[in-house]
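Colleague: Predicted model follows, preceded by the sequence.
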Amino acid sequence: VYATTTLAHELPALAHCAAVASGVLAVPIAHEFGEYLLWFRPEVLQTVNWAGAPEKAVTLSDDGVRLSPRKSFALWQQTLAQHALPWQPVEIAAAMRLSNTLRGVILKRAADLAVLNEALQRSNVELDAFAYIASHDLKEPLRGMHNYAHFLLEDYHDKLDEEGKNKLDTLVRLTQRMDALLDSLLQYSRVGRVDLTLQTVNFNVLLADVAEALHLRLEGVELRVPRPLPTVNGDPVRLAEVLQNLIGNAAKYNDKPEKWIEVGYQSPDEQSSTARERHYIIYVRDNGIGIREKHFEPIFRIFRRLHARDRFGGGTGTGLTIAKKIVERHGGTIWLESTPNIGTTFFFSIPE
């Protein structure tokens, strides 16, 4: 317990608060987070009665200054400022009881949350395992359906009418799309199951590799890098997936005659963040079609697409979901800013 009636004397920098906080009573409720309950008491001018002036009486003589007995024991009064009324023992005891009660509640909530987190973690592991097994085991019968549809088209081409051929062509396309969806689901589950291989990652090298892998999509697109990118600690394979998804989308969803994509960053020292952990913020900016604000959150959901399946080159709608999961596994977050018909900027943070 910390209790004082003269805060201005103990902390002179707070003397200007005397009118509302001359007295302070503080009890802890969460030491590890530096959280306390505080009560304040205002200044109360107090008159103290002395049996005579408290200063020693002095007389001047030829020999200098000499102390002498008080010459008057008349009542002497002094007014004390920047003082609060004293904290009573019963008030301090009540504050401690309240502190202990709150800490008990906090500990119980923490225990309940630990149980819920453990159950959620176990559920996520089971869900990832299910997604992996389902996507892996479904691919074999799907492959058989795809092959048999091809065989029917080849072997019975002359015996089928146009309607039959069209139906088999549709079946082939559907199996191909289903296969792509299962591949995406398999990749998504793998992100949650496989441990990250953390090492020093130079984003300049990473960007060069991604640009080479996407060279066909980036034809006619100006790739801008305002300054050399930073080096961070992360999984190079997974971070490359994030860049590949963001840059690939930036190139895909762009209908401008002159397309450009800019990749840059903000260092921890360039941010006005009050977070305990410092992060690098990498961004991928484009001058594409943009995204409406109401879609900022839904686009990170698995299999969620904002356009018809065949528009802008198709896709399964899992790229941003996978990118989000990779960034979160690195201890960062991903978000965006966008204006329709102007462009979009995706940001993701990586701990320093």
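Modeller: That came in fine, so what should we check first?
Colleague: Please make it C-alpha for all contacts and neighbour counts, starting now.
Modeller: Fine.
Colleague: What mean pLDDT does stretch 247-259 get?
Modeller: Computed over stretch 247-259, the mean pLDDT rounds to 89.
Colleague: so where do the strands sit in the chain?
Modeller: Using DSSP state E, the strands of the chain run over 2-4, 23-30, 35-41, 46-50, 58-61, 64-67, 76-80, 199-202, 221-224, 231-234, 259-266, 279-286, 334-339, 343-351.
Colleague: export these to JSON lines and tack on mean neighbour count and distance to residue 129?
Modeller: What follows is these, written out as JSON lines (neighbours: other C-alpha atoms under 10 Å; distance: least, C-alpha to C-alpha, whole Å):
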{"stretch": "strand 2-4", "mean neighbour count": "16", "distance to residue 129": "53"}
{"stretch": "strand 23-30", "mean neighbour count": "20", "distance to residue 129": "38"}
{"stretch": "strand 35-41", "mean neighbour count": "15", "distance to residue 129": "40"}
{"stretch": "strand 46-50", "mean neighbour count": "12", "distance to residue 129": "72"}
{"stretch": "strand 58-61", "mean neighbour count": "10", "distance to residue 129": "91"}
{"stretch": "strand 64-67", "mean neighbour count": "10", "distance to residue 129": "91"}
{"stretch": "strand 76-80", "mean neighbour count": "12", "distance to residue 129": "72"}
{"stretch": "strand 199-202", "mean neighbour count": "14", "distance to residue 129": "26"}
{"stretch": "strand 221-224", "mean neighbour count": "15", "distance to residue 129": "38"}
{"stretch": "strand 231-234", "mean neighbour count": "18", "distance to residue 129": "24"}
{"stretch": "strand 259-266", "mean neighbour count": "19", "distance to residue 129": "35"}
{"stretch": "strand 279-286", "mean neighbour count": "22", "distance to residue 129": "31"}
{"stretch": "strand 334-339", "mean neighbour count": "17", "distance to residue 129": "25"}
{"stretch": "strand 343-351", "mean neighbour count": "20", "distance to residue 129": "27"}
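Colleague: Indicate which one of these is closest to residue 156.
Modeller: In terms of C-alpha to C-alpha, the element of the strands of the chain nearest to residue 156 is strand 221-224, at 45.2 Å.
Colleague: so what strands line up beside the closest one?
Modeller: strand 259-266 (parallel) (DSSP bridges).
Colleague: quick one: the partner strand to strand 279-286, angle?
Modeller: If you take axes from the mean of the first three to the mean of the last three C-alpha atoms, to 10 degrees, strand 259-266 sits at 170 degrees to strand 279-286.
Colleague: rewinding a little: can I get the strands of the chain in CSV including distance to residue 298?
Modeller: Compiled in CSV, those are given as follows (distance: least, C-alpha to C-alpha, whole Å):
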stretch, distance to residue 298
strand 2-4, 49
strand 23-30, 36
strand 35-41, 36
strand 46-50, 64
strand 58-61, 85
strand 64-67, 86
strand 76-80, 64
strand 199-202, 30
strand 221-224, 27
strand 231-234, 27
strand 259-266, 23
strand 279-286, 19
strand 334-339, 12
strand 343-351, 14
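Colleague: Excluding chain neighbours, what is closest to residue 42?
Modeller: residue 20 (4.0 Å; C-alpha to C-alpha, 6 or more residues apart in numbering).
Colleague: Please save the CA atoms from stretch 344-352 in CSV.
Modeller: Below are the C-alpha coordinates for stretch 344-352, written out as CSV (Å, rounded to 0.1, in the frame of the first residue of the first chain):
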residue,chain,number,x,y,z
THR,A,344,-4.8,-0.3,-52.5
THR,A,345,-2.0,-0.6,-50.0
PHE,A,346,-1.6,-3.7,-47.9
PHE,A,347,0.6,-3.5,-44.8
PHE,A,348,2.0,-6.3,-42.7
SER,A,349,4.2,-6.1,-39.6
ILE,A,350,7.1,-8.3,-38.6
PRO,A,351,8.6,-8.0,-35.1
GLU,A,352,12.1,-6.4,-35.1
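Colleague: contacting residues around residue 323?
Modeller: Counting by C-alpha atoms under 8 Å, 6 or more residues apart in numbering, residue 323 touches 241, 242, 245.
Colleague: which residues does the last one contact?
Modeller: Spelled out, it's residue 245. 319, 320, 323.
Colleague: Quick one, which of these has the minimum pLDDT?
Modeller: Least confident of the contacts of residue 245 in the model: residue 319, at 81.
Colleague: what's the distance between that residue and residue 242?
Modeller: 8 Å (C-alpha to C-alpha, to the nearest Å).
Colleague: rewinding a little: the residue nearest to residue 42 and residue 39 touch, don't they?
Modeller: No - the criterion here is C-alpha atoms under 8 Å, and residue 20 misses it with residue 39 at 10.4 Å.
Colleague: Let me know whether residue 40 touches residue 17 as I believe.
Modeller: No - counting by C-alpha under 8 Å, residue 40 does not reach residue 17; the two are 10.2 Å apart.
Colleague: what's the overlap in contacts for those two?
Modeller: With C-alpha under 8 Å, 6+ apart, residue 40 and residue 17 have no common neighbours.
Colleague: Domain map for the chain?
Modeller: Using the TED database, the domain ranges for the chain come out as 2-87, 120-192, 199-351.
Colleague: In TSV, list these along with distance to residue 97.
Modeller: As requested, the domains of the chain are exported to TSV (distance: least, C-alpha to C-alpha, whole Å):
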stretch	distance to residue 97
domain 2-87	10
domain 120-192	34
domain 199-351	31
